[in-house]
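S.K.: the following block contains a protein sequence and its predicted model.
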Amino acid sequence: MIRLFERWALDAQLVLGILGLTLFGVAMIYSAGQVNVPNVVTEYAWLRQARWMVLALVVFTALSRVPLRWIEWAAVPSYVVSLLLLALTLVIGEGRGTAQGVKSFLNLGFFSFQPAEVAKLATILALAQLLSQKESGINSLRELIAPGMVVGIPLVLVLGQPDLGTAMAFVGILFTTLYWAAAPVWLLLLVASPVVGLIVSFNTVLWSMFIVTVVGFLVLLRYRLSLFESVSVVLANFATATIGRPLWESLADYQRNRILVYLDPEVDPRGAGYQVIQSKLAIGSGGFEGSGFTIGPQKRFDFLPEQHTDFIFAVVGEELGFIGTTLAVVAFAFVLSRLVRMASHLSESQAFAGLVLLGIFGFWLVHVFVNIGMTIGVVPITGIPLPFVSYGGSFLLMSWVAVAIAVRVAHEHP
Amino acid sequence: MNVHHPHALRRRALGAYVILGLMMSVLVVGFFRIQVLQGEEARLKAETNRVRSLPVPAPRGTIYDRNGEIVADNVPGYQVTILPASVDSVRATLRRMQQYMHLSDERIERVIRTLRAYGREVVVEADADFAAISALEERRSDFPGVFVEMRPRRRYQLGDAGGHLTGYVGEITGEELGSETFPDTVYEAGMIVGKVGIERQYEAHLQGQQGVRHVEFDARGRIVGDFGGAPQIAAEPGQDLHLSLDLDLQRWVHRIFPDSMSGAVVALDPADGGVLALYSAPGYDPNLFTGGIDELTWASLNNDERKPLFDRAVVGLYAPASTWKLASAGIGLDLGVVTPDEVMPEPCTGAYFFGDRFFHCWDRAGHGYNTLAEAIGNSCDIYFYQLAERIGLTRLLERANDIGFSGQCGIDLPQESSGVFPESVDFWRERYGYRAREGEAFNLIIGQGPNSQTPLKMAQFYVALARDGSAPAPRIAREGELVGGWELNLAPDHIESLQEGLRRVTRPGGTAHVRTAVEHWDVIGKTGTGQNPLSVRGLAEDHAWFAGMAGPPGEPPEIVVVAIVEYGESGGQVAAPIVAKTADYYLRQRHGIPVDTIQTYWDHIRTGPIPPWYRRRFPEVFRVQDDQRPGAER
C-alpha cells in the first residue's frame, strides 16, 4: 500500500504534505461557509473545491508520468504562449468574484482561468532552461539581464492588470532561481537596492544614509564589478528615488490606502483598514486553542472579509487557535523545505530540475508568506491566495500541476 | 567548477533553509503575539464589536380618569434604529429607506448629526408603520446596521378633546438632556419623555426605569440574538397615574363647544378642587406627536390662525369683566364694609360722579336701589363703584393679591400663567408713570383695567363661592400633595347672599335664564362681557364669560364650571349654555340619570313644545301669565 503510494506520488513526503494541506483547505472552506445567514455561493464552495481537488489529482497523476524531456521541450513554447495570453488578458480580461477591479481572468466561454497562473509555471520552466546552461554560475550584473528579461516581461504584463500580489510572486521566483543558479548574494542585494531605495526615498535623511551605504558597498566590490555596472546601480538608485513621489501619486487610491493601512490600519477602520482589523480580531480572539471548528463567531457573523478565499487563514486562526496556525505554518514550512531538500540531492546533470524546484519554492514561499502575513498585518494586503487552502479551482489545479512538475523533474535522471 | 555540484547545492540549500526558517518564524511569532499575548484583549474587543447593549424602553405608566377609564396608555409600536457607521454609508442607507417610509432629508441629516455627536445607535423612526417595517425586513441586506425593535407607543384616548391637558411625549432633545427636569444620571439620548401637560408634570412618576439588553449583531447589523455573556436588565414600567378628570365629561365639553369658536371650559369639583374637565378650543391631537411629529403637521398647527396649540384654559389671560364682581363682593363682605341686606346710599341712575368725572353703569337706564344680591343679579356697576369707595384701593389690592389674582392657582400643570393684577399702588407709577388715584379701584372692581385672569383662576374663585369661602388649589392628579389654596372669611349668610345674586342671573327674568334652565338641577352663575383689544376698537365682539355652579335643587353645588368664548359677544347666550350643559351632563352621570342630548330649556323650545318639567320647576313664569289673563282679576 505504502509502496503503491510512493510509486504514484514519486515523492511521497512532498505529495503527502500537499495532499494534507489540500484536504485541510477543503475542510476550512467548508467551515468558512458555515455562517449565521448562509449564502448559497459560499455554503457549497467546499464541494466545488473537493471536485476540483479530484480533477487536480487526476491531472497530477497524468502529468507526473510525462517525460522530463517533454517538459524541457515545452518550456519555451509555453512561456511564449503564456506571454501572449497575458497580453490578451490586458485587452479582454475580466474581473471575478471579490476581485472585480482586477482584470485577470480570460473567459473561454466554457471555462475561464487566470493566465498569470500558467505564466508563473511557464516562467519558472523558461528561467530554469536559461540558467541551467550557465554551468559556471553568474558573477556580473550583465549576466542578470537575460534572466531579468525572462521574468520582467510577464511581471510588467501582470502589473498592468494590475495584480501586485502575482507580480511579487514573479520577483520571488527570480530571486530564488538566481540564488540557486549561484548568483552571489551581494549581487542580488545590489539588484534589490533600487527597490529598497524606492521605499526609503520618502525620508531624505534615511535615503542619504542608504545611498552612502550602497556606494561604499560598490567601492568594496570594485574588483568584481565593471565601472559601468557600478555606475548603473547608482544611477538606478537615483532613478527610483526620483520617481518615488510621482509613482506614489500615480497609484490608484485603493493601492495607496492599502499601503497606508499597512502602516496603521486605524487610519481607515471602516474602509481599507477594515479587513486587517477584523482579520486580526478574529485571529486574536481565537487565542491559544481556538473557538472550535466551524463555530468561530466573528466568521459566523460575517465580520471576516473574503473568508473562503484570501482570508481563509483568519478562519484557521479564529477556530483552531495558535495551535492550528502554528501547525499550518509548520506544514507549509515542511512542504517548502522538502522542495529545497529535493533540489539539494540532485546530481550535476540535473541543474534544470533544481532550478525548477527552487522556482516553485520561490513562487509558493511568496504566496504563503504574503497571504498569511497579511491576515496578521505583517504584510500589506495584496489579493493573493494561499496555495492549496484558499478556495479557487483553477489556482488549485495549477498548483497541483506545479507539484507534478516538481516530482517529475526531481525523479528523472537524464 | 560546476555550480550544480552536490557540495555547492548543499551549501546553498542551507541558505534557503535559513531564509525559509526566518520567514516562517516571523509568521509564528506574529501569531504568538496576536493570539497568545493579546488574545484575551482581542476576544474582548471582538465581543464589544459584536455585542451592543441596547436600552429596553420602559412602558410609561397608564393614566386613568376618576372612573378608572384609560386616558393614556401604550400600544405596541415599531422603532427603527441605525447603528453607527461611516457618515456616507449611513446616509446612503437612509436614502434607500426613503423609498419605503416617510423620512425627510432634514431628518436624515439630524440622525447623522446625532450619530456623530454620541457615536451610538440612533432612533431613525420611533413609530414606524407596519408596512414600512415589513418592507425593511424583506430587504434586510440593503439596510446594513438597521434594526427594528418593538417599543411601547403612547396612545391618547381623548385625541383633540384633551391635547392641552394630557400633553404629549417625544424624544428627549439635546437641550433638555442634563437640565433640572431631565438629569443625565437618569436620562439618556433617545429616551421618550413628557413634553407638556400632565405627561411633563408627572414625568418622573410615569417614566419608569429603562432596561438593558445585550444583543449580538453580525457585520451587517443584523440582530443575531441575545448575548448570554452579560446579564440582561428588564425595564421597569412607570407608575400609573389617577386623575380626578372625568373622561366622558371632557368629551362632552368638546362636543357641545361651538365648533367655529375659540375659548375654554374649566369644570372643578368644589369638594376638593379636583379638575373634572379642562378644555381649550380649538384643540390638537397629541397622538400626532407620538413618534415625532412631521414638519408639515407641526407647521400647520403652529401657523394656524386659531392657535390650536395655545392652552386658553390655563395659559390664556382675559379681562374677567363682571364675573369678577363676585370677588369684589366677597372681599367687601370679608372686610365687613358691607352687609348682604344693606343698600348703597346712591341709587343707580346710570352714572356716578366721583373725583372729577362720571363713572357709568353698563345700563344707562339705571338700576335704582340694590341690595348686594340684586346688584349681582343686575350686574350694577354703580353699586360696585360705591363698594370700591368703601374698600379703598389699597385694601382692594391687598385682598385680591391674598387670594392669588396676581399669581398662579398651583394646578399640577407646567404651563399655568400667573394672573395680572396690580400688587400695590406702585403699579401705576411703574407702568403708566402717574400716581394711582382712588378711581383705579372703580375699574378693577368691575373686572376691567389691569386685571386679567385665566379661566382656571376664575373657576377656582367660584369654587370658594360654592363652598365656604375657601378654595383649594385645582388638581388634575389624585396622587401627590395639595399645594396653594386660600380663604375668604365669609359667614354662611354671606355665601347665601352671593349665591342668591348668582341665582338672580339664571332665574326667570334673568339674562341667562332660558339657556341655563335644565330639568334636574339648579344652575346659577354670572355672565361677563370681556373687552379685548379688538372689541375696544369696534373690530370684533367682546369675549363672552359665564362662571357658574350647579347642583340638585336646594343642595350645595356639586360642580363649578367656567366658560369663556372668545368674541362670543354675550355671556348669557353663548357661554352660559356651555356651563349649563357641562354641569347637566356631569350631574346626570353622578346621580344616575340618563343623559339627554337636548339639555336646556332653550334647546327644548327650539325643537318642540315647552317641556313639562319646565312648568313644574318654574311655575312662577306661568302664574304671571295667568294673572295677566283678561278676566283673571278678582
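M.R.: Alright, I've got the coordinates.
S.K.: nearest residue to residue A:328 other than its sequence neighbours?
M.R.: residue A:316 (5.8 Å; Cβ to Cβ, 6 or more residues apart in numbering or on different chains). (C-beta placed from N, C-alpha, C; glycine too.)
S.K.: touching, that neighbour and residue A:327? I think so.
M.R.: No. Look at residue A:316 against residue A:327 with Cβ atoms under 8 Å: they stay out of range, at 9.3 Å.
S.K.: the two: who's more crowded?
M.R.: residue A:316 (32 against 13; other Cβ atoms under 10 Å in any protein chain shown).
S.K.: returning to that earlier point: so which strand or helix has the residue nearest to residue A:328?
M.R.: If you go by DSSP states H and E, residue A:316 is part of helix A:312-344.
S.K.: just how off-centre is that helix within its chain?
M.R.: 15 Å (Cα atoms, centre = their mean, to the nearest Å).
S.K.: counting contacts, what elements does the helix or strand that it is followed by pack onto?
M.R.: Heading C-terminal from helix A:312-344, the first helix or strand you meet, by DSSP H and E, is helix A:351-375. Under the contact definition 3 or more Cβ pairs under 8 Å, 6 or more residues apart in numbering or on different chains; DSSP states H and E, helix A:351-375 sits against helix A:68-92, helix A:115-132, helix A:164-180, helix A:272-286, helix A:312-344, helix A:393-411, helix B:6-31.
S.K.: apply 6 Å and report the result again.
M.R.: helix A:115-132, helix A:164-180, helix A:312-344, helix A:393-411 (3 or more Cβ pairs under 6 Å, 6 or more residues apart in numbering or on different chains; DSSP states H and E).
S.K.: which residues of chain A lie near chain B?
M.R.: Contact residues (Cβ under 6 Å from any Cβ of the partner chain) of chain A with chain B: A:36, A:135, A:137, A:182, A:270, A:280-281, A:283-288, A:298, A:301-303, A:322, A:325-326, A:329, A:333, A:336-337, A:340, A:344, A:348, A:351, A:369, A:372, A:376, A:378.
S.K.: right, and chain B sits closest to which residue of chain A?
M.R.: residue A:284 (2.5 Å; Cβ to the nearest Cβ).
S.K.: where's the closest residue to that residue other than its chain neighbours, which helix or strand?
M.R.: Leaving aside its chain neighbours, residue A:284 sits nearest to residue B:42 (2.5 Å; criterion: Cβ to Cβ, 6+ apart). Assessed by DSSP H and E, residue B:42 sits inside helix B:39-50.
S.K.: what's the answer for residue B:328, then?
M.R.: helix B:325-335.
S.K.: contacts for that helix?
M.R.: Contacts with helix B:325-335, where a contact means Cβ atoms under 6 Å, 6 or more residues apart in numbering or on different chains, come from B:338, B:372, B:384, B:387, B:391, B:399, B:445, B:461, B:488-490, B:494, B:498, B:526.
S.K.: sorry, back to before: who's in contact with the helix holding residue B:42?
M.R.: With Cβ under 6 Å, 6+ apart as the criterion, helix B:39-50 contacts A:281, A:284-285, A:287, A:298, A:301, B:216.
S.K.: ok, and the closest non-adjacent residue to residue B:200?
M.R.: Per Cβ to Cβ, 6+ apart, closest to residue B:200 is residue B:194, 4.1 Å.
S.K.: identify the residues contacting that neighbour.
M.R.: Residue B:194 touches B:169, B:200, B:203, counting by Cβ under 6 Å, 6+ apart.
S.K.: which phi and psi does it have?
M.R.: Dihedral pair for residue B:194: phi -70, psi 130, per degrees, to the nearest 10.
S.K.: put the alpha carbons of stretch B:274-291 into PDB.
M.R.: Taking Å, rounded to 0.1, in the frame of the first residue of the first chain, the C-alpha atoms of stretch B:274-291 are listed here in PDB:
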ATOM      1  CA  GLY B 274     -60.300  68.400  41.600                       C
ATOM      2  CA  VAL B 275     -60.400  69.100  37.800                       C
ATOM      3  CA  LEU B 276     -63.300  67.400  36.200                       C
ATOM      4  CA  ALA B 277     -62.800  68.900  32.800                       C
ATOM      5  CA  LEU B 278     -60.200  71.300  31.400                       C
ATOM      6  CA  TYR B 279     -60.800  72.200  27.800                       C
ATOM      7  CA  SER B 280     -59.300  74.600  25.400                       C
ATOM      8  CA  ALA B 281     -60.800  75.100  21.900                       C
ATOM      9  CA  PRO B 282     -59.600  74.600  19.300                       C
ATOM     10  CA  GLY B 283     -57.500  71.600  20.500                       C
ATOM     11  CA  TYR B 284     -54.900  69.400  18.900                       C
ATOM     12  CA  ASP B 285     -54.500  65.700  18.800                       C
ATOM     13  CA  PRO B 286     -51.500  64.700  21.000                       C
ATOM     14  CA  ASN B 287     -51.300  61.400  19.100                       C
ATOM     15  CA  LEU B 288     -49.800  63.300  16.300                       C
ATOM     16  CA  PHE B 289     -46.700  63.900  18.400                       C
ATOM     17  CA  THR B 290     -46.200  60.200  19.200                       C
ATOM     18  CA  GLY B 291     -43.100  59.100  17.400                       C
END
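S.K.: what count of nearby residues applies to residue A:226?
M.R.: 12.
S.K.: what's the angle from the helix or strand bottoming out on mean pLDDT in chain A to helix A:272-286?
M.R.: Within chain A, no helix or strand scores below helix A:253-263, which has a mean of 74 by mean pLDDT, DSSP states H and E. Orientation check (axes from the mean of the first three to the mean of the last three Cα atoms, to 10 degrees): helix A:253-263 against helix A:272-286 gives 40 degrees.
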